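Chemist: what shape does this take:
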Amino acid sequence: MREKDEKEKSTSADPIISCDGLVKIYMSDGLKVMALQGLELDVKRGEMMAIIGKSGSGKSTLLNMIGGLETPSAGRLLVEGQDLSQLKEKDMVRYRRDTVGFVWQKSARNLFPYMTAAENVEAPMYFVKGREREKRKRALELLEKVGMLSHADKFPDQLSGGEQQRVAIAVALANNPTILLADEPTGAVDSKTSDHIFQLFRDLNEELGLTILIVTHDLSLANKVNRVVMISDGKISTEKIRREMYRHSLDSRFSDGEQEENSQEEYSVLDKAHRVQLSGEILKKAGIDSNKVKVEVVDGKVVISPFSGEKKRG
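Modeler: Now for the predicted structure:
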């Protein structure tokens, strides 16, 4: 089975995922609903990031597009340099089977109830060439990696919610995907189990070099990754990027500094038309309650201030 160095198919600095002006329009009760509105996003190879946003913001739509389950109404989605909208059906099937792995919130969507844990992990390999003995070996190796080897012969209803999700992660890894997509993977488990599952994602990211995208409402988990992207009204509105903070000891032996903690700085995102979205929280703090604002440059900084009303004439 491929190790981390084998996962790095390219030394190129190009992003493994590139979203360029993505638009997605649905029909609902005869009305057009725009789920994505020109979304732009680049994801680096081997990156682990969280995607957050309110219900209906478009985050799950984005994940489904990257997973090849939905196609954009407009714009381009490139994964490893290939435009997914240009793939033929047989190539898309191969893409979904070999390039991406999915972990859903509900175990019923991840696991077959009439199969054991080992059989569930083997299931994605049924359409891949190879001996049955090798596939079983692979399944057991993956169950061991997620800490579920001792439960290989158990059925899903014999497992706890957290154990089911661990098996689901092993299923998602069965065909050596390059990208792992997780849609609310900890939404149905308690906080302690949630922490364990998240740590498993981090271990897989580091050991296998997997690119991992996690959609979550859990801000405590989102804040543990190096990059958090917030989607608002179908577009990327802000990003949080982790910065390493260091403390310096008076003792010269520690003159290089010791890592103390990680913190995240939040940035608003400019799209290609140089537009920026401001969150409701920011607008409230700034006292902005109008659709007009004053924008000026002061000492090299862009300052946005509330609209003070029309100037009186005369």
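
Chemist: so where's the stretch 201-314 of the chain uncertain?
Modeler: Along the stretch 201-314 of the chain, the model assigns pLDDT under 70 to residues 222, 242-275, 279, 309-314.

Chemist: can you rerun that using 50?
Modeler: Within the stretch 201-314 of the chain, the ranges that satisfy pLDDT under 50 run 245-261, 312, 314.

Chemist: for this protein, longest helix please?
Modeler: With secondary structure taken from DSSP state H, the chain has its longest helix at helix 191-208.

Chemist: which secondary structure elements does the next helix or strand after that one contact?
Modeler: The helix or strand immediately downstream of helix 191-208 is strand 211-215, counting by DSSP states H and E. Counting contacts by 3 or more CB pairs under 8 Å, 6 or more residues apart in numbering; DSSP states H and E, strand 211-215 is packed against strand 48-52, helix 59-66, strand 179-183, helix 191-208. Using the backbone N, CA and C atoms, a C-beta is placed for each residue, glycine as well.

Chemist: other SSEs contacting the next helix or strand along the chain from strand 211-215?
Modeler: Using DSSP H and E, the next helix or strand after strand 211-215 towards the C-terminus is helix 219-222. Counting contacts by 3+ CB pairs under 8 Å, 6+ apart, helix 219-222 packs against strand 48-52, helix 191-208.

Chemist: by how many degrees do the shortest one and helix 191-208 diverge?
Modeler: Spelled out, it's strand 48-52. Angle of strand 48-52 versus helix 191-208, following axes from the mean of the first three to the mean of the last three CA atoms, to 10 degrees, is 140 degrees.

Chemist: pick out the residue nearest the middle of the protein.
Modeler: Compute the mean C-alpha point of the chain, and by CA atoms, centre = their mean the closest residue is Leu213, 2.0 Å away.

Chemist: my guess is it contacts Lys44. True?
Modeler: No. In this structure Leu213 lies outside contact range of Lys44 using CB atoms under 8 Å: 11.5 Å.

Chemist: any idea which element Met92 lies in?
Modeler: Using DSSP H and E, Met92 falls within helix 89-98.

Chemist: average model confidence for that helix?
Modeler: Helix 89-98 comes out with an average pLDDT of 92.

Chemist: over to stretch 27-45?
Modeler: For stretch 27-45, mean pLDDT is 88.

Chemist: and it, what's buried?
Modeler: Across stretch 27-45, burial judged by 16 or more other CB atoms under 10 Å covers 35-41, 43, 45.

Chemist: wait, which of these is closest to Met65?
Modeler: Checking these against Met65 by CB to CB gives Leu36 as the nearest, at 8.0 Å.

Chemist: so what does the one helix or strand the closest one maps to touch, helix or strand wise?
Modeler: Using DSSP H and E, Leu36 falls within strand 31-43. Applying 3+ CB pairs under 8 Å, 6+ apart, we find strand 31-43 packed against strand 17-28, helix 59-66, strand 74-79, strand 235-247.

Chemist: redo those as CSV? Include distance to Ile169.
Modeler: Shown next, in CSV, are the helices and strands packed on strand 31-43 (distance: least, CB to CB, whole Å):
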stretch, distance to Ile169
strand 17-28, 20
helix 59-66, 16
strand 74-79, 21
strand 235-247, 23
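
Chemist: nearest to Asp218, out of the ones you listed?
Modeler: Nearest to Asp218, of all the helices and strands packed on strand 31-43, is helix 59-66, at 13.1 Å by CB to CB.

Chemist: related to what we said a few turns ago, can I get the helices and strands packed on strand 211-215 in JSON lines with distance to Gly147 and mean neighbour count?
Modeler: JSON lines is the format used below for those (distance: least, CB to CB, whole Å; neighbours: other CB atoms under 10 Å):
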{"stretch": "strand 48-52", "distance to Gly147": "19", "mean neighbour count": "23"}
{"stretch": "helix 59-66", "distance to Gly147": "25", "mean neighbour count": "23"}
{"stretch": "strand 179-183", "distance to Gly147": "17", "mean neighbour count": "23"}
{"stretch": "helix 191-208", "distance to Gly147": "8", "mean neighbour count": "16"}
